[in-house]
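Give me a 3D structure for the following:
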Amino acid sequence: MISRKLSAGDIIDARCTRCREILNHRIVAMVEDKVVRVECNTCNGVHNYYPPPTVKEARVAEVGKEPSAPRKTSTPRSLKKDPTESDREEWASLKPTMQIDRAKVYDMNGSFRVNGLILHSVFGLGVVKQLIVPNKMQVLFQDGVKLLRCQ
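Model prediction:
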């Protein structure tokens, strides 16, 4: 097979930055033997030359073969704690210290304090964890943390 030297005006495959695919392009500019700019034959966009990706040897290797270099074994990742589980644990630790008779009934126009108890009509008893400006607060209920409107 004889390969001829590329020159301006020849058609080559390149990755188009506008179409985001490997398409036919016309060579617009070269520096010595290197293709620098191309024009897409599909969208007519002119851009720098990006060669199509080459097939990696690891992907071409047969399925039954062992990898050439053994992978490094590292310590297994520790699983992150489920956020709802940590909320339940925090609720369980706070529950014995709660004085239900001091709970303030939730009202969207009411004002609340951090660590104050509230009584919500749907979610039940809750503890204000954080006041968020403007007019919002995070409340820990038995079901988890909820974001509520406040004054």
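
Mind checking what secondary structure Arg77 has?
coil (DSSP: H, G, I helix; E, B strand; the rest coil).

So what's the residue count around it?
Each residue near Arg77 was counted by other CB atoms under 10 Å, and the total is 6. To be clear about C-beta, it is placed using only N, CA and C from the backbone, and glycine gets the same treatment.

With Ser3 instead?
Considering only other CB under 10 Å, Ser3 is surrounded by 5 other residues.

Next up, the contacts around it.
Under the criterion of CB atoms under 8 Å, 6 or more residues apart in numbering, Ser3 has no contact partners.

Mind telling me what element it is part of?
Using DSSP states H and E, no element contains Ser3; it sits outside every helix and strand.

ok, it to Asp10 distance?
Counting by CB to CB, to the nearest Å, the separation of Ser3 from Asp10 is 12 Å.

Chain neighbours aside, what residue packs nearest to Lys143?
Quick fix: residue 143 reads Asp, not Lys. When the adjacent residues along the chain are set aside, Asp143 lies closest to Phe123, with 6.5 Å between them (CB to CB, 6 or more residues apart in numbering).

quick one: that neighbour and Val145 touch, right?
No: at 10.4 Å, Phe123 does not count as touching Val145 under the criterion of CB atoms under 8 Å.

any residues in contact with both of those two?
By CB under 8 Å, 6+ apart, Phe123 and Val145 have these common neighbours: Val139.

just the helices in this protein please.
Assignment of helices within the chain using DSSP state H yields the ranges 57-60, 83-94.

so of these, which one's packed in deepest?
For the helices of the chain, ranked by mean neighbour count under the definition mean count of other CB atoms under 10 Å, the leader is helix 83-94 at a mean of 13.

packing partners for it?
Using 3 or more CB pairs under 8 Å, 6 or more residues apart in numbering; DSSP states H and E as the contact criterion, the neighbours of helix 83-94 among helices and strands are strand 136-141, strand 144-149.
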